[in-house]
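1. requesting a structural model of the entry that follows:
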Amino acid sequence: MSSADRPPFRVLIAGGGVAALEAALALRALAGELVATVLVAPEPEFVYRPMRVLEPFAYPAARRYPLADLVSDIGAEFREDAVKRVDPVNRSVFTAGGNELSYDALLLAPGATLRPRFEHALTIDDSRLDEQLHGLIQDVEDGYVSKLAFVAPTRMPWPLPMYELALLTARRAWDMNTEVSITLVTPEDSPLAIFGPTVSQTVERLLVKRGILTIPSAHAETPEPGQVSLHPGARRLQVDRVVALPELFGREIPGVPRSGAGGFIPVDLHSGVVGLDRVYAAGDATEFPVKHGGIAAQQADAAAEAIAALAGAPVEPRPFEPIMRAILLGADKPLYLQAHITGGHGWSSDVSEDPLWSAEVKIVARYLTPFLETRDRAAVR
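-> Got it, this is the predicted structure:
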């Protein structure tokens, strides 16, 4: 059978976030009509999550896009459903809606599950951040909250939002001529240590300038409302409110292996799921320690190249080589942060008030970034 007569290679993508959309776009660019892509996601919208951190401070809401429209423009099929079980032997998945879908290659990008770590703290959830923090910010403005702690669990998720919320709160208090004491408690060796020393030292100076006390290398508990106990050292903070990051856990999908205490999916350098044939994973669901949209997109690119090669496209799959790029909000100007990642830590780090990459965006993705920019420009017109 010639390649022209061969049926399209069936690719099933589970998820509706950055990794899923990046993979669908990459497959379109790399394999074209060689693949037929179906994207299955339980939510109807794609939300540009990193900008939600601004919503409690009366900034415009983060951009939202109907997933059906995005997937249609990509040239794929969208199904609003959720993958509940994988049968890797027969290459099929079973969904919450009672459907069985077959595949030639499967990419899992369902994201992670958020769970509160501290009993006596407000654990942030970026899907409803404005609802959670609007009242707190109002109390800071009115002077009802004078001592505030931002706390990260020992098993940290992506730490950047905690720093942004602390900086934005300090700036709002300054604008309102209100005094507030802000303490940031983190198990990191130094602020945003994952980016390496150059970024960390710059962020540390910024926090000092904003009057934010940082306590690094600290493991926190909240034994009572308004109390934060720190270890080692048996120190204790007394504050009015505690805002905490959640812990992240992998989603349990029968038929898919999980590893470690968090139950994340083990993957190789091409984002292939360890122990399964033609099954890949990308994003927060994987065991890679950095949970960030840009990293998810890079994992998706590695998976898409491997899948495109399976489909017969002239592609030489490249391994996942993580480069972290992020924008820190809350300073006088946004700070652009960049670092290569090795062993879960950053090296060759850079920080600047000027863009360090071509697109001035929070999530840098090879295919998704220009795709969304084109749509945004068209919407403005």
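
2. give me the element R155 is part of.
-> Following DSSP states H and E, there is no helix or strand that holds R155.

3. now do it against N99, distance only.
-> Separation of R155 from N99 (C-beta to C-beta, to the nearest Å) stands at 35 Å. For glycine as for every other residue, the C-beta is placed from the backbone atoms N, C-alpha and C.

4. next one: T123
-> For T123, the distance to N99 - C-beta to C-beta - is 34 Å.

5. what does L106 give?
-> From L106 to N99 the distance is 14 Å (C-beta to C-beta).

6. pretty sure F264 sits against I253.
-> No - contact criterion C-beta atoms under 8 Å: F264 and I253 do not qualify, at 11.4 Å.

7. ok, those two, which is more surrounded?
-> Using other C-beta atoms under 10 Å as the criterion, F264 and I253 rank with F264 on top: 23 against 20.

8. could you give the bridge partners of that one?
-> F264 has these beta-bridge partners by DSSP bridges: S259.

9. for the helix or strand where A339 lies, what is the average pLDDT?
-> Using DSSP H and E, A339 maps to strand 335-342. Averaged across strand 335-342, pLDDT comes to 89.

10. same question for stretch 356-373.
-> Stretch 356-373 shows a mean pLDDT of 91.

11. how about A14, what does it touch?
-> By C-beta atoms under 8 Å, 6 or more residues apart in numbering, the contact set of A14 is A20, V40, A41, A82, V83, V93, L106, L107, L108, A109, P110.

12. please apply the same query to S190.
-> P197, S200, Q201, E204, P216.

13. rewinding a little: among the contacts of A14, name the buried ones.
-> For the contacts of A14, a burial check counting by 16 or more other C-beta atoms under 10 Å picks out A20, V40, A41, A82, V83, V93, L106, L107, L108, A109, P110.

14. can you give me the strands in the stretch 101-250 of the chain?
-> Assigned strands in the stretch 101-250 of the chain, in chain order: 105-108, 113-115, 122-123, 147-151, 181-185, 212-215, 219-221, 227-231, 235-238, 241-244, 247-249 (criterion: DSSP state E, counting those that start in this stretch).

15. would you mark the buried spots in the second one?
-> Going back to what we said before, that points to strand 113-115. T113, L114.

16. from the contact counts, what lies against it?
-> Other helices and strands packing on strand 113-115, by 3 or more C-beta pairs under 8 Å, 6 or more residues apart in numbering; DSSP states H and E, are strand 247-249.

17. can you name the element that comes right after the strand it packs on?
-> Next along from strand 247-249, by DSSP H and E: strand 279-281.

18. heading C-terminal from that following strand, find the next helix or strand.
-> helix 293-310.
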